[in-house]
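> predicted model and sequence below, questions to follow.
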Amino acid sequence: MNQIWKRLIFAAGILLLMAGSAFWASRKQEHVFSDTIHIIASEYPGEPYYADLLVQLTENDPLRIADSGLRPDGTAITADSEIFRYDQDDFVSASLHYGYAERIVISEQQNPGRLQTDLVISGDTRQGRGSKGKDFRDIPAFRIAYVSREGEILGITDTAEERGVMNDLEGYPFEVKGSYARFTHVAGSNINLPAIVILLESLLLIVVVFPFMLIIRRIRRKHEQRALIRDIQARAEQTQSKEP
């Protein structure tokens with residue numbers, strides 16, 4: 001077998017090993033979860049009844065569903081309501097169209113000039129594999145919509161800014177003021193384990209495996225060169241011994 005085929009087989013083996021470890025890591029990362037999205041809003045337009053979370057999910061994302069079946073208590077939202085039909089830049093209502101939406105709770109004791117809404121999400125990421133929206137933190141972007149009892153949208157914030165903190169948090173707090181929104185999460189909570197595994201494997205190849213292979217190759221070449229020199233010397237001695 002020539003050197004080219006040996007190298008191709010070696011490269012294929014390395015790629016299969018990396019793919020297998022990445023797949024194992026992705027399976028380990030999947031889990032059952034339950035979180036709460038806490039939205040506290042102020043300085044909003046009109047007189048909204050609650051604040052709804054808008055999530056950016058493409059139409060082909062398995063977790064973007066036609067109807068979650070959830071309806072906030074005290075509302076008259078139907079399939080014809082504006083919030084139900086809203087779909088701009090792939091932003092849709094999380095309470096109505098996010099597959100992991102479980103319950104939406106509007107605080108019974110609302111302070112004047114302040115809206116408080118909680119969206120409970122839960123699920124098993126082992127279901128619906130291949131979705132970029134598996135975990136909440138994998139969703140690309142969020143906005144907040146101010147919604148009336150009838151489902152009319154009274155205003156929408158800009159895309160929410162992220163704030164990572166090191167201390168533990170319960171759920172995901174969203175601070176909303178007029179058109180400004182910000183959500184807080186634990187820094188590093190959206191670490192991509194398969195990507196880290198592949199990165200570490202690549203570093204191992206670059207720092208350890210490849211240099212080790214080069215050293216072995218040089219040692220083998222030196223042995224081959226010495227063997228060739230010994231062979232040439234032996235033939236020369238044989239030739240000299242045969243001369244009269």
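Yes, it's here.

> how many neighbouring residues does residue 221 have?
When neighbours are counted by other C-beta atoms under 10 Å, residue 221 registers 10. Heads up, the C-betas are built off the backbone N, CA and C, glycines and all.

> let me know the secondary structure of it.
helix (DSSP: H, G, I helix; E, B strand; the rest coil).

> just the pLDDT for it.
Looking at residue 221, its pLDDT is 74.

> for the chain, what helix or strand is lowest in average pLDDT?
helix 3-29 (a mean of 52; mean pLDDT, DSSP states H and E).

> can you name the next helix or strand after that helix?
Past helix 3-29, further along toward the C-terminus, the next helix or strand under DSSP states H and E is strand 32-42.

> just the buried positions in that next one, please.
Buried residues in strand 32-42, counting neighbours by 16 or more other C-beta atoms under 10 Å, are found at 35-41.

> tell me which of those is nearest to residue 140?
Of all these, residue 37 has the smallest distance to residue 140: 15.8 Å, by C-beta to C-beta.

> contacting residues for the closest one?
Neighbour list for residue 37: 53, 94, 118-121, 136, 171-172, 174 [criterion: C-beta atoms under 8 Å, 6 or more residues apart in numbering].

> among those, which ones are in strands?
Residues of the contacts of residue 37 located in strands (DSSP state E): 53, 118-121, 172, 174.

> so which pair among those residues is furthest apart in space?
It's 120 and 174 that sit farthest apart of the ones in strands among the contacts of residue 37, by C-beta to C-beta, at 14.0 Å.

> okay, these two: which has more neighbours?
residue 174 (23 against 17).

> list the contacts of the more buried one.
37-40, 53, 142, 144, 160, 181-183.

> 6 Å instead, please
Contact analysis of residue 174 by C-beta atoms under 6 Å, 6 or more residues apart in numbering lists 39, 183.

> where does the chain have low pLDDT?
Across the chain, the ranges flagged by pLDDT under 70 are 1-31, 109-110, 125-134, 165-169, 186-217, 227-228, 231-244.

> and the strands in this structure?
When secondary structure is read from DSSP E, the chain shows strands at 32-42, 50-56, 91-93, 101-106, 114-124, 142-147, 153-156, 161-165, 172-177, 180-186.

> got the contact list for the third one?
Contacts with strand 91-93, where a contact means C-beta under 6 Å, 6+ apart, come from 52, 54, 56, 83, 143.
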